[in-house]
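Colleague: any chance you can model this:
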Amino acid sequence: MTRDGRGKQGRRLAGAVVAALMIAATMGAAGCKSKQLKADLAAAQKENQDLRTQNEDLNRQLADAQSRQSMAPAGGSGGGEAAVITVAGDVLFSSGSATIKPTARQELDRVVSTIQSQYANNRIEIAGHTDSDPLVKTKDKWGTNENLSMQRALAVQQYFESKGIPASRMHSRGYGSSKPKGSKQASRRVEVVILSN
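Modeller: This next block holds a predicted model:
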């Protein structure tokens, strides 16, 4: 092979090496970009979860505050009520459930304390309420919102009995969505109606 032929072959080989290096560099950059995108996605997902958790905490605090605020005398309702204590349904129960959340016991204990200290001889109606959304996932179990609201009221009544309030002083009712409040969240509630003596 001539010197000129070897030179051309060398230049081709050098060109191929440069091209291979450029491809490798491009792939390396793409790999770095891919790693960065994955890291950014993971960070965004973590931030999203943190925000969801904060939102749930704020909703729980709001419901607790609304519940405490509602522990005031009914004042002039004219319906034979001494007081109405409202506890947010989202505080008490998971969606579609009539089992009291463990985290709700502290709130219910405050209600029991209020009843025992201020209304020790009054009769009590425990009224369950739901929003107007039809049951979907738990339709086979409850059938209607009225049945779900009744079971929730009974769960609260049984809890009160376990804390020493006599069953003879209480009765439960399920109103379903027939007495809505200003929003769906506010409509999901249990009202402890202290009846006037």
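Colleague: relative to Q36, how far out is A127?
Modeller: A127 sits 56 Å away from Q36, going by CB to CB, to the nearest Å. Every C-beta, even on glycine, is put in place using the N, C-alpha and C of the backbone.
Colleague: domains for this structure, by residue range?
Modeller: The chain breaks down into these domains under automatic domain parsing: 1-69, 70-195.
Colleague: can you pull out the low-pLDDT segments for the chain?
Modeller: Where the chain drops to pLDDT under 70, the residues are 1-33, 44, 48, 50-79.
Colleague: can you give me the helices in it?
Modeller: For the chain, the helices defined by DSSP state H occupy 3-69, 89-92, 105-118, 139-142, 145-162, 184-187.
Colleague: name the residues of stretch 188-197 that are buried.
Modeller: Neighbour counts over stretch 188-197 (16 or more other CB atoms under 10 Å) mark R188, R189, V190, E191, V192, V193, I194, L195 as buried.
Colleague: bridging residues for the second one?
Modeller: What it means is R189. Beta-bridge partners recorded for R189 (DSSP bridges): A88, H129.
Colleague: which residues are in contact with it?
Modeller: By CB atoms under 8 Å, 6 or more residues apart in numbering, the contact list for R189 reads T86, V87, A88, G89, H129, K181.
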